[in-house]
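[1] sharing a model that was predicted from the sequence below.
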Amino acid sequence: MKTLLLALLLGLTACASEQVQRTEQKPNVDFRAYKTYNFMDVTARNGAAFQGLGTGIETLKQAISHEMQRRGYQQSDSPDLLVNIGVVTQDKVQTRETTLRDAPLYIGQRNYHWQSQDVVVGHYEEGTATVEVVDAAHQELIWQGAVKSILTPNAAKLTKRIDDAVAALFEKYPVPPVR
């Protein structure tokens, strides 16, 4: 029974639409010593990439702000921490492999060969967000994490996925939420 429950939980985790890719932190840093944060200018490197609707940057910033505030940090114009955001999107193709059941029925004298192949069943977009937390006074990276999620054109669903992805990422942050 325990094995079945464990297998079910692992299966549900694998099906989650968001996946934390990695997190890293600088050793011997007292994250509780920091009190304030703010965002680095995301358009400084590539302004054209962040123009227009649908980039999700503002939604991502709101989700990160929510998680930072849950951990006791306050947003400030002269922050202790700077938060840098990186976003990469990629078009993906969903396929399935044909099986012997999919093979056509063949009767005849010619030499016939059938082999399994991948069949395209859908297209989707996948986004990866990288969050870097920098000590503002020393300009030193102290924590970073990356999370991947499937994106959707539906604004409400996209906001939910971004919120869920950022929450999953910040579960790995060294400061737990303040109760």
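    Perfect, thanks for sending it.
[2] who are the contact partners of residue 92?
    Residue 92 is in contact with 123, 124, 125, 126, counting by CB atoms under 8 Å, 6 or more residues apart in numbering. Any C-beta I mention is one placed from the backbone N, CA and C, and that applies to glycine too.
[3] if we take those residues, which one ends up nearest to residue 155?
    For the contacts of residue 92, the residue nearest residue 155 by CB to CB is residue 125; the value is 14.2 Å.
[4] surely that closest one is within a helix?
    No - under the criterion used here (DSSP: H, G, I helix; E, B strand; the rest coil), residue 125 is strand, not part of a helix.
[5] any idea how far residue 75 is from it?
    Residue 125 sits 30 Å away from residue 75, taking CB to CB, to the nearest Å as the criterion.
[6] repeat that for residue 132.
    Applying CB to CB, the value for residue 132 to residue 75 is 17 Å.
[7] repeat for residue 36
    For residue 36 relative to residue 75 (CB to CB), the value is 7 Å.
[8] for residue 118, same thing?
    Applying CB to CB to residue 118 and residue 75 gives a distance of 47 Å.
[9] related to what we said a few turns ago, more neighbours: which of residue 132 and residue 75?
    residue 132 (17 against 13; other CB atoms under 10 Å).
[10] how many other residues sit next to residue 174?
    Residue 174, neighbours per other CB under 10 Å, totals 15.
[11] what about it, which helix or strand?
    Following DSSP states H and E, one finds residue 174 outside all helices and strands.
[12] so it makes contact with residue 25?
    Yes - contact criterion CB atoms under 8 Å: residue 174 and residue 25 qualify, at 5.8 Å.
[13] for residue 82, which non-adjacent residue is spatially closest?
    Nearest non-adjacent residue to residue 82, counting by CB to CB, 6 or more residues apart in numbering: residue 134, 4.4 Å away.
[14] now that neighbour, what's its secondary structure?
    strand.
[15] and if you look at residue 20?
    With three-state DSSP as the criterion, residue 20 reads strand.
[16] what bridges to it?
    Judged by DSSP bridges, the bridge partners of residue 20 are residue 147.
[17] returning to that earlier point: which residues are in contact with each of residue 174 and residue 25?
    In contact with both residue 174 and residue 25: residue 143, using CB under 8 Å, 6+ apart.
[18] which parts of this structure are helices?
    Using DSSP state H, the helices assigned to the chain run over residues 2-14, 57-70, 155-170.
[19] can you give me the end-to-end distance of stretch 31-40?
    19 Å (CA to CA, to the nearest Å).
[20] mind listing what's buried in that stretch?
    For stretch 31-40, a neighbour-count test (16 or more other CB atoms under 10 Å) marks 31, 34, 37, 38, 39 as buried.
[21] now residue 89. Nearest residue, chain neighbours left out?
    Nearest to residue 89 is residue 127, by CB to CB, 6+ apart, at 4.7 Å.
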